[in-house]
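J.: sequence-free structure coming up:
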RNA sequence: CAACCUACCUUUGAAGA
């Protein structure tokens, strides 16, 4: 049983859920009965793959075989519902647990709180915490980190930092996750000083920075336009024995592209292969974006071709970057070709795509064409946003079609888009 | 006796000034 369980776990970690499911069948065929732990590992694999329905079926199957779910089983479901935004189902789990006489633990509450932060509100999450506290829930470092993350993502860094202080006043020791969350928050809020200060504080606190800490901090430097410092951080990271990963490279390639240093970005891209960091869709997108904004559309298309050749799938963002770049240099033929290609491949052009297309249409006399794309977008179920409206109004106005421009402008407002 | 569950990082935008 242990052997099978281990293998099932490995499959799940590798995102190969179907093989793990097959393994359960094989086990039974071999006369072995999977236990809760085996099931939990596979159920978790399903949950992480977003297959909550399969996960639920497995729980039923397990029950049918006379094995009752454990707290961990419920926790797995709680986390899965939380990630999928199925908060009603998550709430119902507490009732089911009560019926099964299975007491929720810290992990159960933390997972639920995380879901609430993401899909309901911070207030709802706080309320749950207070309520659970009346029973026997004691918030831990993870609980704090979840709240700190939510506050950081909402840009409420003052509150976050206050909570961080409270946390330390209590007996909770901030860990790498805690610091990482806060550094991200400060970086997003444009507070580079504070972000860097926390990075340094970690050492004093005896909390070792990890790969993610470096990635976040390098990203913070990139965002602040300090690409050279970000590159230094990259060297520092390696010196300290912390290996860069694909995200590290992606961050830097993006930063270099935005500072108009695509040449250096290309060098890093080459380096990735040597270091065993496989470029992914994000890598290619960042690179293609950098090349496009530098006006090097030819090169961008070459990279795009290479991407496909490597078996890395383009996504909507890839196409958007290319279409945008092509539009800017006036290569409409190629831009339209790519628009067609993306549709053919089953991608849904979004507001980014249409705003790029509409803006790229020549200035003279093509108001109808621009308007046509706007209608196409709506017909395909797309929701135009400010950028699409702005591009369209602009185009119509420049073509002298003031009546229609005004009409679209009104439509925009009635669709809840405020002019900027 | 052990194996399973919760929190953190990267990519796409028009005009104008």
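T.: Yes, it's here. The model shown is predicted, which means the values in this text are computed figures rather than measured ones. Numbering: from 1, shown residues only, chains lettered A, B, ... in the order given.
J.: give me the element the residue in the stretch 251-400 of chain A that RNA strand B sits nearest to is part of.
T.: In the stretch 251-400 of chain A, the residue that lies nearest RNA strand B is residue A:387 (2.4 Å; Cβ to the nearest atom of the strand). For the C-beta atoms, the positions are set from N, CA and C on the backbone; glycine is no exception. Assignment of secondary structure by DSSP states H and E places residue A:387 within helix A:386-398.
J.: which of the residues in that helix are buried?
T.: By neighbour count with 16 or more other Cβ atoms under 10 Å, helix A:386-398 contains the buried residues A:387, A:388, A:389, A:390, A:391, A:392, A:393, A:395, A:396, A:397.
J.: and stretch A:145-161, end to end?
T.: Here the two ends of stretch A:145-161 are set 11 Å apart, with distance taken as Cα to Cα, to the nearest Å.
J.: just say helix, strand or coil for residue A:271.
T.: What DSSP: H, G, I helix; E, B strand; the rest coil gives for residue A:271 is helix.
J.: residue contacts, it?
T.: Neighbouring residues of residue A:271 by Cβ atoms under 8 Å, 6 or more residues apart in numbering: residue A:249.
J.: same thing with the one 10 residues further on?
T.: Contact analysis of residue A:281 by Cβ under 8 Å, 6+ apart lists A:307, A:312, A:313, A:314, A:315, A:317, A:318.
J.: residues of the stretch 151-300 of chain A that sit close to RNA strand B?
T.: Counting by Cβ under 7 Å from any atom of the strand, the stretch 151-300 of chain A comes close to RNA strand B at A:175-178, A:180-181, A:184, A:210-213, A:215-216, A:219, A:245-248, A:250-251, A:254, A:281-283, A:285-286, A:289, A:293.
J.: which other residues reach stretch A:205-222?
T.: By Cβ under 8 Å, 6+ apart, stretch A:205-222 touches A:174-176, A:179-180, A:183-184, A:186-187, A:192, A:195-196, A:199, A:202-203, A:227, A:229-230, A:233-234, A:236-237, A:240, A:242-245, A:247-248, A:251-252, A:254-255, A:258.
J.: circling back: restrict the residues of the stretch 151-300 of chain A next to RNA strand B to the buried ones and give me that as a PyMOL selection.
T.: Per 16+ other Cβ under 10 Å, the buried members of those correspond to this PyMOL selection:
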select buried, chain A and resi 175+176+177+178+180+181+184+210+212+213+215+216+219+245+246+247+248+250+251+254+282+283+285+286+289+293
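J.: next, count neighbours for residue A:120.
T.: 15 (other Cβ atoms under 10 Å).
J.: if you skip the residues just before and after it, what's nearest to it?
T.: Computed as Cβ to Cβ, 6 or more residues apart in numbering, the closest residue to residue A:120 that is not its neighbour in sequence is residue A:87, at 6.0 Å.
J.: okay but the one you found is in contact with residue A:114, surely?
T.: No. Using Cβ atoms under 8 Å, residue A:87 is not in contact with residue A:114; the gap is 10.9 Å.
J.: which one of these two has more residues nearby?
T.: Set side by side, residue A:87 and residue A:114 show more neighbours around residue A:114, with 22 against 17, by other Cβ under 10 Å.
J.: okay, that one: pLDDT?
T.: We have a pLDDT of 98 for residue A:114.
J.: and for it, nearest residue in space, chain neighbours not counted?
T.: Nearest to residue A:114 is residue A:146, by Cβ to Cβ, 6+ apart, at 4.9 Å.
J.: how near is the one you found to residue A:128?
T.: 11 Å (Cβ to Cβ, to the nearest Å).
J.: now swap in residue A:291 and tell me
T.: 48 Å.
J.: which positions within stretch A:407-420 qualify as buried?
T.: A:408, A:409, A:411, A:412, A:417.
J.: quick one: residue A:179 from residue A:81, how far?
T.: For residue A:179 relative to residue A:81 (Cβ to Cβ), the value is 28 Å.
J.: what's the burial count for residue A:35?
T.: Going by other Cβ under 10 Å, the residues that sit close to residue A:35 add up to 14.
J.: typed the wrong thing, it's residue A:29
T.: 8.
J.: could you do the one 4 residues further on as well?
T.: As a burial measure, the neighbour count of residue A:33 was computed by other Cβ under 10 Å and equals 11.
J.: ditto for residue A:359
T.: 18.
J.: got a list of what it touches?
T.: Applying Cβ under 8 Å, 6+ apart, we find residue A:359 in contact with A:327, A:391, A:394, A:395.
J.: near RNA strand B, from the residues you listed?
T.: Answer for those near RNA strand B (Cβ under 7 Å from any atom of the strand): A:391, A:394.
J.: could you dump the contacts of residue A:359 into a markdown table and include pLDDT?
T.: Output for those, formatted as a markdown table (pLDDT from 0 to 100):
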| residue | pLDDT |
| --- | --- |
| A:327 | 94 |
| A:391 | 92 |
| A:394 | 87 |
| A:395 | 88 |
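J.: center of chain A - which residue?
T.: For chain A, the residue nearest the mean C-alpha position is residue A:282 (11.1 Å; Cα atoms, centre = their mean).
J.: what sits against the nearest residue to that residue once chain neighbours are set aside?
T.: Leaving aside its chain neighbours, residue A:282 sits nearest to residue A:250 (4.9 Å; criterion: Cβ to Cβ, 6+ apart). When contacts are counted by Cβ under 8 Å, 6+ apart, residue A:250 touches A:280, A:282, A:283, A:286.
J.: then residue A:114?
T.: So residue A:114 contacts A:79, A:82, A:146 (Cβ under 8 Å, 6+ apart).
J.: and those, which is closest to RNA strand B?
T.: residue A:79 (3.9 Å).
J.: that closest one contacts residue A:50, doesn't it?
T.: No. Between residue A:79 and residue A:50 there is no contact under Cβ under 8 Å: 11.8 Å.
J.: who has more neighbours, these two?
T.: Taking other Cβ under 10 Å, residue A:79 and residue A:50 do not tie; residue A:79 has more neighbours (21 against 13).
J.: now that one: how far from residue A:123?
T.: Counting by Cβ to Cβ, the gap from residue A:79 to residue A:123 is 21 Å.
J.: quick one: secondary structure of residue A:174?
T.: coil.
J.: how about low-confidence regions in chain A?
T.: By pLDDT under 70, the low-scoring segments of chain A are A:363-365.
J.: mind running it again at 90?
T.: Low-confidence segments of chain A (pLDDT under 90): A:1-18, A:20-29, A:31, A:33, A:171, A:361-369, A:393-420.
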